[in-house]
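Trainee: The sequence and its predicted three-dimensional model are supplied below.
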Amino acid sequence: MAKTTFKTNPISLKVLLQSCNEGKLQLPDFQRSWVWEEDRIKSLIASVSRGFPMGALMALDSRADGAAVFARRPIEGAPISTGTINPEQLLLDGQQRMTSLYQSCMRQQVVTTITAKKRVVQRWFYIDIQKALAMDSDREQAIFGVPEDRRLKTNFDKDVLLDLSSRELEFEKLVYPLNRAFDWDAWQEDFGDYWIAKGDTSKRELFKRFKNEVLTNFTEYQVPVIALGGDTSHEAVCLVFEKVNTGGKPLDAFELLTAMYAAQGHKLRDDWLGKEGTGGLQGRLANFGRAAEQKAGVLAGVSSTDFLQAIALIHTKERRLDAMADPSKKDGEWPAVRATRQSLLDLPLAAYLKHREAVESGFKKAAKFLRQKHIFRVLDLPYQSQLVPLAAIFAEIGDRSEHATNMEKVSRWFWCGIFGELYGSAAESRFARDILEVPGWLDGGAEPNTVQEGSLRSDRLLTMRTRQSAAYKGLHALLMHEGAKDFRSGQGFDHTVFFDEAVDIHHIFPEDWCKKQNIAAKVYDTVINKTPLFYRTNRIIGGVAPSKYLYKLEHGSAASNRKPAEPPIERDTLDSYLQSHGIPVDALRGDDFTGFMTARQTSLLVLISRATGHALSVGVPIAEEGDELSGGLAHDSGLHAETE
């Protein structure tokens with residue numbers, strides 16, 4: 001990253017506020033709206049009125065050539081005409097302070113602010129002259145706000161406590177309007193005339209003292225301003241903004257890119273969120289392929305940054321391939337394929353416009369792919385991050401995704417990423433390899449790195465207990481994808497059935513039964529003892545031994561006042577349902593928990609091996625049949641602390 005140049009100068013507060021009023025100092029468009037509370041405004045005014053430091057501001061100098069790098073907007077409340085002016089500086093840090101002081105102490109209009117309870121109110125701010133001069137007074141107690149009609153009321157607005165609706169009433173109450181903090185001459189003259197007419201010249205001396213001890217602190221106030229050079233990189237601006245705005249929401253690349261594209265006449269935010277009468281990308285992706293019962297589909301978690309990352313992968317790959325085809329460029333000069341924040345900040349508007357439709361289509365193809373893999377909800381998505389390379393791959397291969405051979409390879413890559421647990425934190429470098437390697441693999445190239453590394457240790461199943469694990473979620477999707485059938489209905493878990501029957505992950509050996517057998521939770525609560533089932537099926541199973549609930553399913557039940565009849569299920573048919581889940585039937589029917597755990601661990605590993613194309617890996621040995629289960633498998637058979 002290029003060196004960032006800056007300078008620090010003290011600048012008069014009055015000059016800064018005048019610059020806001022004239023449009024010389026504006027905000028970059030990625031700055032959020034001004035939302036300071038009334039009490040914070042009063043506290044800031046109190047600090048300035050006593051000459052206390054309020055902290056430095058940080059600004060970005062405009063470029064010498066006059067080109068607008070970021071879209072900008074005036075300080076809130078500044079004259080509309082300032083929107084047409086090219087600013088000298090953009091305020092990166094200090095928006096709340098400058099806007100609060102500009103609106104309350106310079107602009108001659110009522111201030112819109114919020115109370116501590118987040119209620120929007122209109123306020124004129126005043127300072128009580130006598131309280132401000134009292135030696136033992138808290139300056140904040142001297143500053144107050146009144147409603148737009150300048151009357152403080154009580155008793156449901158029936159009684160007026162304080163009326164400041166005329167200048168004469170301000171004189172009488174000895175309160176000074178803070179929007180005259182930098183322009184007191186006319187007010188002071190009228191104040192003096194008012195009290196001379198009343199025969200009280202002492203009030204003129206009181207105001208003179210107030211002006212010297214309080215108001216001059218406003219006019220003489222100096223604010224340190226750190227000014228970054230106009231050649232500061234986009235990444236540096238983003239980093240600096242995040243560092244100095246620690247109290248707010250972190251600035252992401254989308255917001256910064258929005259301001260950069262807006263300077264070129266394109267409204268990125270409208271693309272993503274939509275504008276009046278039209279839906280945006282976010283809504284189209286969230287609603288794509290959702291079931292009638294769903295508020296949003298499996299793409300509801302796709303963020304604006306995810307979308308831009310997929311475009312950046314395609315764009316930077318395109319640049320790299322162009323460089324590789326240029327005989328004048330050597331290996332070390334080829335640009336990298338990236339999906340980092342810097343690559344997003346470097347994404348040209350032309351590249352975004354070129355690839356956005358293909359990437360939207362890529363995400364929608366990803367949603368169809370996920371449904372085929374029996375992943376229907378964001379909750380069940382193993383890795384949100386894996387959607388980025390998946391969408392980019394689909395965007396790049398286009399119609400080739402319709403060929404079965406290609407989809408078999410993409411499926412294998414997908415499962416390898418999940419069961420190899422490869423898309424956790426800092427996965428951007430893997431994204432770059434994926435977009436280079438997976439399309440090449442479809443064309444007869446080498447296996448992608450993700451496929452080569454995507455194997456699962458046999459003992460890992462013994463530590464998967466919750467949805468925090470991507471492989472845990474992936475395994476249940478794989479079971480449904482490979483034809484698992486509900487124990488009671490014999491139905492598969494397609495898109496409609498999944499929602500109609502409230503399918504979820506449930507214990508095979510019920511939790512209550514396991515507890516009564518003194519089996520430790522870290523043993524019975526693993527993925528080996530869980531499987532997808534209908535909600536009603538799980539209720540019928542209850543908390544009894546498997547032999548008992550299988551007997552109930554096999555023999556059915558008569559109708560009662562509260563429950564309809566349950567028809568019997570042929571033994572062989574029921575066994576086939578169990579086997580579709582990789583369940584060892586004899587062990588389950590015999591309530592043999594140890595034998596069940598050992599055999600099902602093996603069957604699940606075979607299932608995973610088939611999906612990933614990797615032979616069974618050997619880690620900690622699978623539990624030996626016959627190990628005693630009382631608080632856990634004996635002799636440390638591979639059960640370790642939760643690792644998610």
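Mentor: Yep, it's here. Because the structure is predicted, anything quoted here is derived from the model rather than measured.
Trainee: Show me the contact partners of stretch 309-328.
Mentor: Stretch 309-328 has contacts (C-beta atoms under 8 Å, 6 or more residues apart in numbering) with 329, 333-339, 343-344, 347-348, 351-352, 354-356, 358-359, 362-363, 388-389, 391-392, 395-396, 428, 431-432, 435-436. The way it works is simple: take the backbone N, C-alpha and C, and place the C-beta from them, glycine included.
Trainee: buried residues in that stretch?
Mentor: 309, 310, 311, 312, 313, 314, 315, 316, 317, 318, 319, 320 (16 or more other C-beta atoms under 10 Å).
Trainee: what does stretch 574-584 give?
Mentor: Result for stretch 574-584 [16+ other C-beta under 10 Å]: buried residues 574, 575, 577, 578, 580, 581, 582, 583, 584.
Trainee: Let's see which of those residues end up in helices.
Mentor: 574, 575, 577, 578 (DSSP state H).
Trainee: and residue 492, which of the three is it?
Mentor: coil (DSSP: H, G, I helix; E, B strand; the rest coil).
Trainee: any idea of the pLDDT on it?
Mentor: On pLDDT, residue 492 comes in at 94.
Trainee: what's the closest non-adjacent residue to it?
Mentor: residue 485 (5.7 Å; C-beta to C-beta, 6 or more residues apart in numbering).
Trainee: Enumerate every residue touching the one you found.
Mentor: Residues in contact with residue 485, defined by C-beta under 8 Å, 6+ apart, are 491, 492, 576, 577, 580, 581.
Trainee: Just want the most central residue of this structure.
Mentor: residue 303 (7.2 Å; C-alpha atoms, centre = their mean).
Trainee: Relative to residue 595, how far out is that residue?
Mentor: 46 Å (C-beta to C-beta, to the nearest Å).
Trainee: next one: residue 398
Mentor: 50 Å.
Trainee: wait, is residue 225 part of a helix?
Mentor: No - counting by three-state DSSP, residue 225 is located in no helix; its state is strand.
Trainee: who touches it in this structure?
Mentor: Neighbour list for residue 225: 8, 9, 10, 11, 16, 56, 57, 58, 59 [criterion: C-beta under 8 Å, 6+ apart].
Trainee: hmm, 6 Å instead?
Mentor: When contacts are counted by C-beta atoms under 6 Å, 6 or more residues apart in numbering, residue 225 touches 9, 11, 57, 59.
Trainee: Now go through those and say which are in helices.
Mentor: Per DSSP H, those never map to helices.
Trainee: Pipe these into TSV and attach pLDDT per row.
Mentor: As requested, the contacts of residue 225 are arranged in TSV below (pLDDT from 0 to 100):
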residue	pLDDT
9	87
11	94
57	90
59	89
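Trainee: So which of those sit within strands?
Mentor: 9, 11, 57, 59 (DSSP state E).
Trainee: Only the buried subset of those, as a PyMOL command please.
Mentor: Buried residues within these, by 16+ other C-beta under 10 Å, are selected in PyMOL with:
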select buried, resi 11+57+59
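Trainee: of the ones in strands among the contacts of residue 225, closest to residue 220?
Mentor: residue 11 (12.4 Å; C-beta to C-beta).
Trainee: For the closest one, give me its contacts.
Mentor: With C-beta under 6 Å, 6+ apart, residue 11 has these contacts: 223, 225.
Trainee: what are the bridge partners for it, then?
Mentor: According to DSSP bridges, residue 223 are recorded as the beta-bridge partners of residue 11.
Trainee: How many residues are close by residue 377?
Mentor: Applying other C-beta atoms under 10 Å, we find 17 residues neighbouring residue 377.
Trainee: Revised request: answer the last question for residue 208.
Mentor: What residue 208 shows, counting by other C-beta under 10 Å, is a neighbour count of 12.
Trainee: Helix or strand: which one has it?
Mentor: helix 202-210 (DSSP states H and E).
Trainee: Which elements pack onto that helix?
Mentor: helix 185-197 (3 or more C-beta pairs under 6 Å, 6 or more residues apart in numbering; DSSP states H and E).
Trainee: which stretches of the protein aren't confidently modelled?
Mentor: For the chain, the stretches with pLDDT under 70 are 1-5, 32, 34, 63-68, 234-251, 277, 558-562, 617-644.
Trainee: In it, where's the longest helix?
Mentor: In the chain, assigned by DSSP H, the helix with the most residues is helix 349-372.
Trainee: Now do it: which elements does it pack against?
Mentor: Applying 3+ C-beta pairs under 6 Å, 6+ apart, one finds that helix 349-372 contacts helix 304-324, helix 387-397.
Trainee: Just send those helices back as JSON lines, with distance to residue 264 too.
Mentor: Formatted as JSON lines, the helices and strands packed on helix 349-372 follow (distance: least, C-beta to C-beta, whole Å):
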{"stretch": "helix 304-324", "distance to residue 264": "16"}
{"stretch": "helix 387-397", "distance to residue 264": "23"}
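Trainee: Would you mind listing the buried residues in stretch 21-32?
Mentor: Those would be 21, 22, 23, 24, 25, 26, 27, 28, 29, 30, 31, for stretch 21-32 by 16+ other C-beta under 10 Å.
Trainee: I meant stretch 394-405, not that one.
Mentor: Judged by neighbour count using 16+ other C-beta under 10 Å, the buried positions of stretch 394-405 are 394, 395, 396, 397, 401.
Trainee: so where do the strands sit in the stretch 501-644 of the chain?
Mentor: 504-507, 530-533 (DSSP state E, counting those that start in this stretch).
Trainee: and the first one, which strands flank it?
Mentor: This means strand 504-507. Here, using DSSP bridges, strand 504-507 pairs with strand 530-533 (antiparallel).
Trainee: Excluding its own residues, what touches the partner strand? List them.
Mentor: 476, 480, 493, 503, 505, 506, 507, 508, 581.
Trainee: In CSV: these, plus distance to residue 278.
Mentor: Output for those, formatted as CSV (distance: C-beta to C-beta, whole Å):
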residue, distance to residue 278
476, 38
480, 36
493, 36
503, 35
505, 39
506, 43
507, 47
508, 49
581, 46
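Trainee: okay, the angle between the longest strand seen in the chain and helix 202-210?
Mentor: As assigned by DSSP E, the longest strand anywhere in the chain is strand 120-128. Taking axes from the mean of the first three to the mean of the last three C-alpha atoms, to 10 degrees, one finds that strand 120-128 is oriented at 110 degrees with respect to helix 202-210.
Trainee: how far is stretch 73-81 from where the chain is centred?
Mentor: With C-alpha atoms, centre = their mean, to the nearest Å as the basis, stretch 73-81 stands 30 Å off its chain's centre.
Trainee: Ends of it, what's the gap?
Mentor: This stretch, stretch 73-81, spans 11 Å end to end (C-alpha to C-alpha, to the nearest Å).
Trainee: and what of stretch 574-591?
Mentor: The first and last residues of stretch 574-591 sit 16 Å apart, counting by C-alpha to C-alpha.
Trainee: Name the surrounding residues that touch it.
Mentor: Under C-beta under 6 Å, 6+ apart, the answer for stretch 574-591 is 483-485, 487, 490, 531, 545-547, 553-554, 595-596, 599-600, 603-604, 607.
Trainee: Generate a ChimeraX selection restricted to the buried subset of these.
Mentor: This is the ChimeraX syntax for the buried subset of these, where burial follows 16+ other C-beta under 10 Å:
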select :484,485,487,531,545,546,553,595,596,599,600,604,607
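Trainee: and the contacts of stretch 574-591, which of them are in helices?
Mentor: If you go by DSSP H, the contacts of stretch 574-591 have 546, 547, 553, 554, 595, 596, 599, 600, 603, 604, 607 in helices.
Trainee: Pull up the gap between the closest residue to residue 94 other than its chain neighbours and residue 406, please.
Mentor: Spatial nearest neighbour of residue 94, excluding adjacent residues (C-beta to C-beta, 6+ apart): residue 57 at 3.6 Å. Residue 57 sits 56 Å away from residue 406, going by C-beta to C-beta.
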